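Student: predicted model follows, preceded by the sequence.
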Amino acid sequence: MSSSQKSNQTLESFNQEVEQLKYASSAYKKLQQLTEIYNDIIHNRSV
């Protein structure tokens, strides 16, 4: 495998990892929002 092929393969792997991190980050943000909403609901019920 040539040097440029190895570089391309490495870049492709890196891009896949970046996409997976984007999905994970999005899921974390949604979970954080849901947690905040849940806490607001619980707080308002106890008042």
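Tutor: Sure thing, it's come through.
Student: which regions of this protein lie under the pLDDT threshold?
Tutor: Scanning the chain with the threshold set as pLDDT under 70 gives 46-47.
Student: mind listing the helices for it?
Tutor: Secondary structure of the chain (DSSP state H): helices at 3-46.
Student: report how many residues lie close to residue 42.
Tutor: Neighbour count for residue 42, taken as other Cβ atoms under 10 Å: 9. For the C-beta atoms, the positions are set from N, CA and C on the backbone; glycine is no exception.
Student: that should have said residue 1, apologies.
Tutor: For residue 1, the count of nearby residues is 7 (other Cβ under 10 Å).
Student: for it, which non-adjacent residue is spatially closest?
Tutor: Leaving aside its sequence neighbours, residue 1 sits nearest to residue 9 (Cβ to Cβ, 6 or more residues apart in numbering; 7.7 Å).
Student: now for that neighbour, how many residues are close by?
Tutor: Residue 9: 11 neighbours (other Cβ under 10 Å).
Student: would you mind measuring from it to residue 2?
Tutor: Per Cβ to Cβ, to the nearest Å, residue 9 is found 10 Å from residue 2.
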